[in-house]
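Visitor: Provided below for reference: sequence and predicted model.
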Amino acid sequence: MTDYDYDLFVIGGGSGGVRAARIAATHGARVGIAEEYRYGGTCVIRGCVPKKLFVYASKFSEEFEDAEGFGWTVGERTFSWEKLVAAKDQEITRLEGLYRRNLERSNVELHDSRAVLEDAHTVRLLSTGQSFTAKYILIAVGASPNVDRDLPGNEHVITSNEAFHLDHLPEKIVVAGGGYIAVEFAGIFNGLGVDTTLIYRGGEILRGFDTDLRTTVREEMEKKGIRVVLNDAFEKIEKQEDGSLVGRTKGGETLAAGQIMFAIGRNPHSNDLGLEKAGVETDGIGAIKVGPDSRTNVESIYAVGDVTNRANLTPVAIREGHAFADTVFGDKPWQVDHSLIATAVFSQPEMGTVGLTQEEALERTSNLDIYKASFRPMKHTLSGRDEKMLMKMIVDADTDKVLGVHVVGPDAGELAQILGVTLQMGATKADFDRTIAVHPTAAEELVTMREPTERLRG
Ligand SMILES: Cc1cc2nc3c(=O)[nH]c(=O)nc-3n(C[C@H](O)[C@H](O)[C@H](O)COP(=O)(O)OP(=O)(O)OC[C@H]3O[C@@H](n4cnc5c(N)ncnc54)[C@H](O)[C@@H]3O)c2cc1C
C-alpha cells in the first residue's frame, strides 16, 4: 500500500469517521482524517450529547414541583440559560479534546479542513489546496438539518444547530416537525419555561414508532402544557419590527413566537463533495448508495453513517465504521445487522423501543398477542402528577417469540438497551414470564403481564 500518501483517508470526523479511522490505524493502516468543523461530529457537538444535557436541565422544573409531594418545600427557583449553555459548551469542548487526542494517540493524522473528492483515490483540502492520495477513502460526512427551501421567510427560522447557542431563551417558541428531534426540543423548551407549540403536518407525531406510544407521548406532552398542532404546516413566516416572528399556517392559524425552530428532517451532507468526479452514486435525496459492507459503486470508496441514510443513529454509524475498518484493514470481515436496533426518544416522558411495532408485526404474521399495561408510576402516587407509563409487548402467538417491546415512561431509554439484548437473543414470552421481578420497579411490569390485552388472529 505504499504508492499512496495514506492507506485510508476519512472525510468527516464524526461518530462513524472517527471510529473507522482509529480502528483502521490500530490494524496498522496509515490514516488521515479531515474535519471541517469540530471533531466528534453531530452527536457530540450539536446532537445527542448537548441535547441530553438540555433534557436533564429541563426536567428540573417538574422535579421541583414533584418534591413538594414528598415533604420538601422548594424555595424560589430561577434558571439561567446562559449558565446552562456555558456549562454545556465546556463539556462539549472537553469531549472534542478527547476525540482529537484519541485520534492522535492512534497515529491518525488530523486535517482541520473541509475535504472534497478529486477522483477515486484523491482528496483535496479546501483550507490549503493540498491533495492527498489514498488507497481507500471513507466518506463519513453525516447529514444536515433540512429547512423547507420553498417556505417564504425560512431565513428567519433556526434549526437544532442554532438552538444549542441561542443568545437568550424566547418567551414563546414554535417547533415545526414531528420526528424525535422536534419532539425532544419541544420538551426541552417547555421544561425550561418557554411557551411551546409543536406543529406537524402529519396526523400524529413520531411516525415510524408504535401507534400506542405515539399517542401516549403526545397526550403526555399536551398535559405538560405543550400545544400540539397536527395536520398543519407553515405557509409563510414574517419578521416583525420588534424582531419577533409570526408564522401563518396552511390551516389558517397565526402563530407568534420569539423563535421558530425547524426540525423537519435531515439531508445527507453530500453536496459539493466531488462525488461526481469520483463517480460515486447517490439516491434521490443525496444519500450515498452502499452495499451491506458499506462499499459504494466505486471500489476504493466506502461510506458510513448518516450520509448513507440507513439508520441515522450514532451507535449505527460507529458500528458501520468499525465493521468497515475490520473488514478492509483487519482481515476480519463482518457486516452490521440493521434489523434490530434498540432506540430511545428523549421526549418527556421518555420512550424506549426495540423490535417491531404492532403495525410492522402484523405485516409479518396475523397471529399476535399484545400485552399492554398503562399505569401511574409509583413516584407519582405522592407527587400527584398525572402522568402515565405505558409498556407494550408484541408476541408472535404461534412461536411465543417476542417481536417488539415498547415503553413510555421514566428511564425507558435505559430499559430499551437491555430489552435489546433479550430480543437479540430471541427471547420468548415464556422467558419473560419465568424471570423473577425486581421489586418495586416499573420494569417488573414487563415480567408480570400474564394475559394478553388483545389476541389478534388472521
Ligand atoms: C439534535 C440531534 C439529536 C440527536 N440525538 C441522537 C440520539 O439521542 N441518539 C442517537 O443515536 N443519535 C442522535 N442523533 C443522530 C446522530 O447525531 C447521528 O446519527 C450521528 O452523528 C451520525 O454520525 P456520522 O458519523 O454519520 O456523521 P456526523 O456525526 O454528523 O459527522 C460528520 C462530520 O463530518 C464533517 N464534515 C461534513 N462534510 C465534510 C467535508 N466535506 N470535509 C470534512 N468534514 C466534513 C461534519 O462537520 C461532521 O463533523 C441526533 C442528531 C441531532 C441533529
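Guide: The structure has been received and is ready for your questions. Numbering: from 1, shown residues only.
Visitor: Can you report phi and psi for Thr197?
Guide: Per-residue torsions, Thr197: phi -120, psi 140 (degrees, to the nearest 10).
Visitor: Kindly report the same for Val229.
Guide: phi -110, psi 120.
Visitor: For it, list each beta-bridge partner.
Guide: Ile199 (DSSP bridges).
Visitor: residues contacting it?
Guide: Neighbouring residues of Val229 by Cβ atoms under 8 Å, 6 or more residues apart in numbering: Thr197, Leu198, Ile199, Tyr200, Thr249, Gly251, Glu253, Leu255. C-beta: built from backbone N, CA, C; applies to glycine.
Visitor: what residues does this structure put near the ligand?
Guide: For the chain, the residues in contact with the ligand (Cβ under 6 Å from any ligand atom) are 11-17, 34-37, 41-43, 47-48, 51, 114-116, 140-142, 160, 181, 269, 273, 305-307, 312-315, 317.
Visitor: buried subset of the residues you listed?
Guide: 11-17, 34-36, 41-43, 47-48, 51, 114-116, 140-142, 160, 181, 269, 273, 305-307, 312-314, 317 (16 or more other Cβ atoms under 10 Å).
Visitor: Go through those residues and flag which are in strands.
Guide: Ile11, Ala34, Ala115, Val116 (DSSP state E).
Visitor: circling back: could I get the contacts of Val229 as JSON lines with distance to Ala134?
Guide: JSON lines is the format used below for these (distance: Cβ to Cβ, whole Å):
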{"residue": "Thr197", "distance to Ala134": "48"}
{"residue": "Leu198", "distance to Ala134": "45"}
{"residue": "Ile199", "distance to Ala134": "45"}
{"residue": "Tyr200", "distance to Ala134": "43"}
{"residue": "Thr249", "distance to Ala134": "49"}
{"residue": "Gly251", "distance to Ala134": "52"}
{"residue": "Glu253", "distance to Ala134": "53"}
{"residue": "Leu255", "distance to Ala134": "50"}
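Visitor: ok, of these, which come out buried?
Guide: Buried among the contacts of Val229 by 16+ other Cβ under 10 Å: Thr197, Leu198, Ile199, Tyr200, Thr249, Leu255.
Visitor: Pairing partners for the helix or strand containing the last one, with directions?
Guide: Assigned by DSSP states H and E, Leu255 belongs to strand 254-257. Applying DSSP bridges to the sheet, strand 254-257 is found paired with strand 245-249 (antiparallel).
Visitor: Contact partners for the residue lying closest to Ile318 once chain neighbours are set aside?
Guide: Closest residue in space to Ile318, ignoring its immediate chain neighbours: Arg19 at 4.6 Å, by Cβ to Cβ, 6 or more residues apart in numbering. Residues in contact with Arg19 (Cβ under 8 Å, 6+ apart) are Ala317, Ile318, Gly321, His322, Ala325.
Visitor: what's the answer for Lys379, then?
Guide: Neighbour list for Lys379: Asp66, Arg385, Pro410 [criterion: Cβ under 8 Å, 6+ apart].
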